[in-house]
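**Q** Just to be clear, the model below is a prediction. Sequence and coordinates:
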Protein chains: 2
Amino acid sequence: MSHSPGSHGLLDLYGCPPELLRNEGYLKTALEHTAHHIGATVLESRFHTFGGEGGVTGVLLLAESHLSIHTWPEHGFAAIDIFLCGHLRPEAAKETLQHALEAEHSVWQTHPRGSEL
Amino acid sequence: MSHSPGSHGLLDLYGCPPELLRNEGYLKTALEHTAHHIGATVLESRFHTFGGEGGVTGVLLLAESHLSIHTWPEHGFAAIDIFLCGHLRPEAAKETLQHALEAEHSVWQTHPRGSEL
């Protein structure tokens, strides 16, 4: 695995306050803080608010891959993915994001990428 | 699973020509064609070329979530992820992308998101 380009973490957050899941500015800041916390470098960010009762979708392009979020306020649910290459570990982002989004419960999976290299 | 927000596909492509993996315009077009092929709606796109011998990183924000790519030309490797909510299936993107990037071999995994809803 020493040549693996990275590790991809999938974080499902349940029981989040709907008002947070519609707040693009809050979510963007939370992701940027998380990227800083785990030592990643943000190249660019793009976010989109669906409006009304809808959620937010957004991504940070990182020098080390990406950090994305998609929210479903009607379910109190957010799906986040954290793909990091090099020595950075996506696990380091899990607690920060769960706390920032005030999730009651989370499900975390990680998958190596490029493991056949 | 009827309430699951979506399905997340992770596609690892091996044996791709390095010149394709450094060609931001080609990769952007390939992802846009793929999004069109699977019936997704592109909201925005952001790409970044690392330059020199480095690769490209990029993402399409979709109305149905996202499609991202990160390339490692030195390994002939590309890591793609396809997260689609609603009735769209990420499997439909696999063959299109493998063909476009002239991959010799691929590894495909899918994971339901929000499966506890």
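**A** Now that the structure is in, tell me what you want to look at.

**Q** C-alpha only now, for contacts and for neighbours.
**A** OK.

**Q** and A:Leu60, how many neighbours does it have?
**A** 24 (other C-alpha atoms under 10 Å in any protein chain shown).

**Q** I'd guessed it sits against A:Ser45; true?
**A** Yes: between A:Leu60 and A:Ser45 there is a contact at 4.4 Å, judged by C-alpha atoms under 8 Å.

**Q** Which parts of chain A are strands?
**A** Assigned by DSSP state E, the strands in chain A fall at A:6-14, A:42-49, A:56-62, A:65-72, A:77-85, A:105-113.

**Q** would you turn those into a markdown table with mean pLDDT and distance to chain B?
**A** Below are those laid out as a markdown table (pLDDT from 0 to 100; distance: least, C-alpha to the nearest C-alpha, whole Å):
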| stretch | mean pLDDT | distance to chain B |
| --- | --- | --- |
| strand A:6-14 | 95 | 6 |
| strand A:42-49 | 96 | 8 |
| strand A:56-62 | 97 | 7 |
| strand A:65-72 | 97 | 7 |
| strand A:77-85 | 96 | 7 |
| strand A:105-113 | 94 | 7 |
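
**Q** For B:Ser68, find the nearest of those.
**A** For B:Ser68, the closest of these is strand A:65-72, at 8.5 Å, according to C-alpha to C-alpha.

**Q** tell me what the closest one is packed against?
**A** Here strand A:65-72 touches helix A:18-21, strand A:56-62, strand A:77-85, going by 3 or more C-alpha pairs under 8 Å, 6 or more residues apart in numbering or on different chains; DSSP states H and E.

**Q** quick one: contacts of that strand?
**A** A:18, A:21-22, A:31, A:35, A:54-61, A:77-85, B:5, B:57, B:65, B:70 (C-alpha atoms under 8 Å, 6 or more residues apart in numbering or on different chains).

**Q** From A:His48, how far out is A:Gly54?
**A** 11 Å (C-alpha to C-alpha, to the nearest Å).

**Q** and the lengthiest helix in chain A, which residues are buried?
**A** If you go by DSSP state H, chain A has its longest helix at helix A:24-37. Within helix A:24-37, the residues scored as buried using 16 or more other C-alpha atoms under 10 Å in any protein chain shown are A:24, A:27-28, A:30-35.

**Q** Equivalent analysis for stretch A:60-73, please.
**A** Buried-residue list, stretch A:60-73, by 16+ other C-alpha under 10 Å: A:60-73.
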